[in-house]
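K.L.:
Everything below, folded, please.
(chains A and B)
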Number of protein chains: 2
Amino acid sequence: MKFLVIGGDAAGMSAASKAQRKNENLQVTVLEKNHDVSFSACGMPYNIAVPERPIEDLVVREAEVFRQKQDINLLTGHEVQRIDPAKKEVCGVTDQEKPFSFSYDKLLIATGAAPVTPDFAGYDLPGVLSLKILDDGRKIKHWLASHPVKKVVIVGMGYIGLEMCESLRKLDLKVDMVKPDPVFVPWTDPELSNVIQQEVESNGVRLHLGQAVRKIETSGAGLSVVCDKVTLDADMVLVAIGIRPNSEIAAAAGIETGIRQAISVDRFMKTSDEHIYAAGDCADAYHVVTGKKVWIPLALRANRAGWAAADNVCGGNTELDGVAGTAVFKLFDLEISRTGLTAAEAKEGGFDPAEVVVKTRSRAHAHPGAVPIHVYMIGDRKTGRLLGAQMVGKEGAAHRINAAAVALHAQMTVGQFTQVDLSYAPPFGPVWDPLLTAANQLVKKL
Amino acid sequence: MKFLVIGGDAAGMSAASKAQRKNENLQVTVLEKNHDVSFSACGMPYNIAVPERPIEDLVVREAEVFRQKQDINLLTGHEVQRIDPAKKEVCGVTDQEKPFSFSYDKLLIATGAAPVTPDFAGYDLPGVLSLKILDDGRKIKHWLASHPVKKVVIVGMGYIGLEMCESLRKLDLKVDMVKPDPVFVPWTDPELSNVIQQEVESNGVRLHLGQAVRKIETSGAGLSVVCDKVTLDADMVLVAIGIRPNSEIAAAAGIETGIRQAISVDRFMKTSDEHIYAAGDCADAYHVVTGKKVWIPLALRANRAGWAAADNVCGGNTELDGVAGTAVFKLFDLEISRTGLTAAEAKEGGFDPAEVVVKTRSRAHAHPGAVPIHVYMIGDRKTGRLLGAQMVGKEGAAHRINAAAVALHAQMTVGQFTQVDLSYAPPFGPVWDPLLTAANQLVKKL
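P.N.:
The predicted model follows:
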């Protein structure tokens, strides 16, 4: 049986590896348009902060390992342009401009996501860069190494923009960030957003909120980012205004797409075509709180979905619950984490949300070194269910969020969550874990 | 209505405060035999490590605050000696040797626990100390300040002994530890126990396993701890061989006691006498995994049980699920955490356990500063249920355990746990959280 995979990153390579392990008689072919496979995309901001570290440090497994040790026919530089579900065939062209076509019995689309292209002029100027695939990271490192960069403008303030602002400040560059939204972190409570904003600004990053970029133009040896009310000079511009699923070839083949144009998959990772699966950043998922489709492209889901698709291609029956939208990132000295729904998402999901914000501490009473932890928690007045939580603090926010994530999977009420037996020792938290303090407050509002 | 509380620590003062807040017409009296109330017992090892910090730093709320601001009749130096359930009265004697008696409508027994008294001679010698109440910590600090202590022997290797060995090493004292059990950490897997043992020994603590103490005797200006095969000199001896519930007066009054002689309570904290509640280290609890009674005296449960008892005394109907046995402690640079059952407890609870130990890393591939994390996970072959988890690592083990604890409350199967959406970012862990890696391995064995 021929198992063909389009895309050689997290979902694609997880699937290819697992399928090959499960079924030695399977012919596994992976077509990847770039030349890097199986790399840690999330590690790029940290790698970029250290010029002497090659970007290739982030490659988890070399292409040759897949080819020789795992017997996977991994073809890089192969861009698939068309899927023909009727013929069960894909075709495309290599970067050497050779056309190719492959037939399949089962196909996995794992084409990932791509940066959103802005609608302003100047996006194509040299020194205007984005960050998604390893080659983007390579280009940024190369630009920084080969130009006398002193000032960088980041357009956008999402995860990538924020992680990159820290990375660039570590390189001692002047960093300006700009976006049209006047709210710094729109998915959290203003109190938590303020804590994050203070951390960023106290690290010397200048934020320009509520300003759209009108154009980028060359200006002497550098660039000028022309915004509504300000023009920012830069030696490099990073455009990080979001990503979108690479679903065009799927849509063109008549495969159903849905939310945010992501490829629609069922709990078995199957698309609307019974021989075609999709996994990773190009595909959607069920949200465990709402039961509805969402597009939350994150690494764990990509790996898990790749495995599930492989199981099912090999005759298994692996069903995934879905995602809780759990995410964490580091921003200078802060840990910022979230799981579940925001207030807006809760309302959209038909819930009647009640919210609390509590400020508590990362260590016990009288234990030295305690710092504030802010917790946001949201529950549903109608059912009492826990809907989500968010945390910000200089310690203790990254892993703690997982307790709330598990509670979301278990569809716990806030009342049930107030009862959970969480760990306590003075160096690690107060007797009442910050999440419990929040839950104890929230349950009174339900 | 008269609400009488015996014991002024975590459970007793939580209950008194909450009851007073809920019902202003309640007459709340607390009888405490010592003079310290509401202190952070768990903070004592950390406080002892810093001679210039007074032990009173650990007092969370002064007795006067309870008396004046909270209108609680808090009587210290009042040792209750007898409960008369028929007369609804308690009597005892103050430390000024004045007899007293108090009647009640509702009584809460929150007498805590006390160190187990060893059966060897010399336990009463000056310089042989234990650690449970604040006055014990005070005595240890005083002994260390007023004697030229260079060498300490710790008898026992439980939480208190281990936390104290770090504390005493921070004071640059020579520390020997001794116990009869040949296994260092009997509740965990040998691989995890070895990691902990290496950490302790590499910090200069000398362990004498498999050796019972025969007697302690004076030897010149110091002490001699005579063991089976070795005699250890000491300027101070800490005996930390476990604790036992202070349930004697309850038992003498005919109140039912059960496991480990702890006072038996239902999910409402009610004892076998309908007017008498018990909470904190003197009382038992249901285990959320087995549904059976356990005695796991920890701070969060004490506070939670105090609140629940107060609610119910005030006419409420607050029911507690029980405990998962979640605990964490710091040992030099290690974080050590656990939740749920050990293999022995699982067998005793009627399960058919399968176990795994995985060694993974605290940060992502290629992220600097990653250290090993060891995870032990146990599940039930018959039902697939997750039964427990334990973690050891220099970072990332303390808060992570809470995800497993919540899963135990939700009675998740290991298969369900493999699906949970845990947080990921390179500074905080691998894409597959260490708990997920363990669950992915364990599910194959079930």
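K.L.:
What residue spans form the domains of chain A?
P.N.:
A:2-50+A:58-114+A:243-313, A:128-239, A:327-445 (automatic domain parsing).
K.L.:
what about stretch A:327-343, start to end distance?
P.N.:
Criterion C-alpha to C-alpha, to the nearest Å; first-to-last residue distance in stretch A:327-343 is 17 Å.
K.L.:
Stretch A:282-294 now?
P.N.:
12 Å.
K.L.:
next one: stretch A:354-371
P.N.:
Stretch A:354-371 has its terminal residues 27 Å apart, counting by C-alpha to C-alpha.
K.L.:
Quick check: buried residues in it?
P.N.:
A:354-367, A:370 (16 or more other C-beta atoms under 10 Å in any protein chain shown). In short, each C-beta sits where N, CA and C put it, glycine included.
K.L.:
what does stretch A:16-36 give?
P.N.:
Here stretch A:16-36 shows A:16-20, A:23, A:26, A:28-34, A:36 as buried, counting by 16+ other C-beta under 10 Å.
K.L.:
Of the domains of chain A, which stretch is the most buried?
P.N.:
Of the domains of chain A, the one with the most neighbours on average (mean count of other C-beta atoms under 10 Å in any protein chain shown) is domain A:327-445, at a mean of 22.
K.L.:
How far off centre is that one?
P.N.:
Mean-position distance between domain A:327-445 and its chain equals 21 Å (C-alpha atoms, centre = their mean, to the nearest Å).
K.L.:
Then stretch A:272-283?
P.N.:
Counting by C-alpha atoms, centre = their mean, stretch A:272-283 comes out at 18 Å from the chain centroid.
K.L.:
Any idea how far apart the tips of that stretch sit?
P.N.:
12 Å.
K.L.:
And the residue of chain A that's closest to chain B?
P.N.:
Chain A approaches chain B most closely through residue A:410 (3.4 Å), counting by C-beta to the nearest C-beta.
K.L.:
Touching, that residue and residue B:417? I think so.
P.N.:
No: under the criterion of C-beta atoms under 8 Å, residue A:410 makes no contact with residue B:417, lying 9.9 Å away.
K.L.:
Need the overlap of contacts for those two.
P.N.:
Counting by C-beta atoms under 8 Å, 6 or more residues apart in numbering or on different chains, the contacts common to residue A:410 and residue B:417 are residue B:407.
K.L.:
who's in contact with residue A:422?
P.N.:
Residue A:422 is in contact with A:403, A:433, A:435-436, B:300, B:326, B:402, B:405-406, counting by C-beta under 8 Å, 6+ apart.
K.L.:
and it, what pLDDT?
P.N.:
Reported pLDDT at residue A:422 in the predicted model: 98.
K.L.:
helix/strand/coil for it?
P.N.:
coil (DSSP: H, G, I helix; E, B strand; the rest coil).
K.L.:
quick one, phi psi at the residue nearest to it when sequence neighbours are not counted?
P.N.:
Once flanking residues are discounted, residue A:422 sits nearest to residue A:433: 4.2 Å by C-beta to C-beta, 6 or more residues apart in numbering or on different chains. Its backbone dihedrals place residue A:433 at phi -50, psi 140, with angles given as degrees, to the nearest 10.
K.L.:
tell me the contacts of residue A:433?
P.N.:
Counting by C-beta under 8 Å, 6+ apart, residue A:433 has contacts A:400, A:403, A:422-424, B:300, B:402.
K.L.:
a markdown table please, covering the residues you listed and showing distance to residue B:195.
P.N.:
Putting the contacts of residue A:433 into a markdown table (distance: C-beta to C-beta, whole Å) gives the following:
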| residue | distance to residue B:195 |
| --- | --- |
| A:400 | 23 |
| A:403 | 24 |
| A:422 | 23 |
| A:423 | 18 |
| A:424 | 22 |
| B:300 | 26 |
| B:402 | 21 |
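K.L.:
Which one of those residues is nearest to residue B:334?
P.N.:
The closest of these to residue B:334 turns out to be residue A:423 (C-beta to C-beta; 14.2 Å).
K.L.:
could you say which helix or strand contains the nearest residue to that closest one once chain neighbours are set aside?
P.N.:
Excluding the flanking residues, the one nearest residue A:423 by C-beta to C-beta, 6+ apart is residue B:328, at 3.8 Å. Assigned by DSSP states H and E, residue B:328 belongs to strand B:327-331.
K.L.:
where does residue A:11 fall, helix, sheet strand or coil?
P.N.:
Residue A:11 - assigned by three-state DSSP - is helix.
K.L.:
Name the helix or strand of chain A that has the lowest mean pLDDT.
P.N.:
Within chain A, no helix or strand scores below helix A:63-68, which has a mean of 90 by mean pLDDT, DSSP states H and E.
K.L.:
mind listing what the residue positioned nearest the centre of chain A touches?
P.N.:
Taking C-alpha atoms, centre = their mean, the centroid of chain A lies closest to residue A:298, which sits 3.8 Å from it. Residue A:298 is in contact with A:323, A:327, B:424, counting by C-beta under 8 Å, 6+ apart.
K.L.:
Show the model's pLDDT score for it.
P.N.:
So, for residue A:298, pLDDT stands at 95.
K.L.:
Show me what the helix or strand in which residue A:169 is found is in contact with.
P.N.:
If you go by DSSP H and E, residue A:169 is part of helix A:159-170. Where contact means C-beta under 8 Å, 6+ apart, the residues beyond helix A:159-170 that reach it are A:45-46, A:48-49, A:131, A:152, A:154-155, A:175, A:177, A:200, A:203-205, A:238, A:240, A:327, A:329-332.
K.L.:
Neighbouring strands of whichever helix or strand comes after it in the sheet, and parallel or not?
P.N.:
Next in sequence after helix A:159-170, counting helices and strands by DSSP H and E, comes strand A:174-178. Strand A:174-178 sits in its sheet next to strand A:151-155 (parallel), strand A:206-208 (parallel), going by DSSP bridges.
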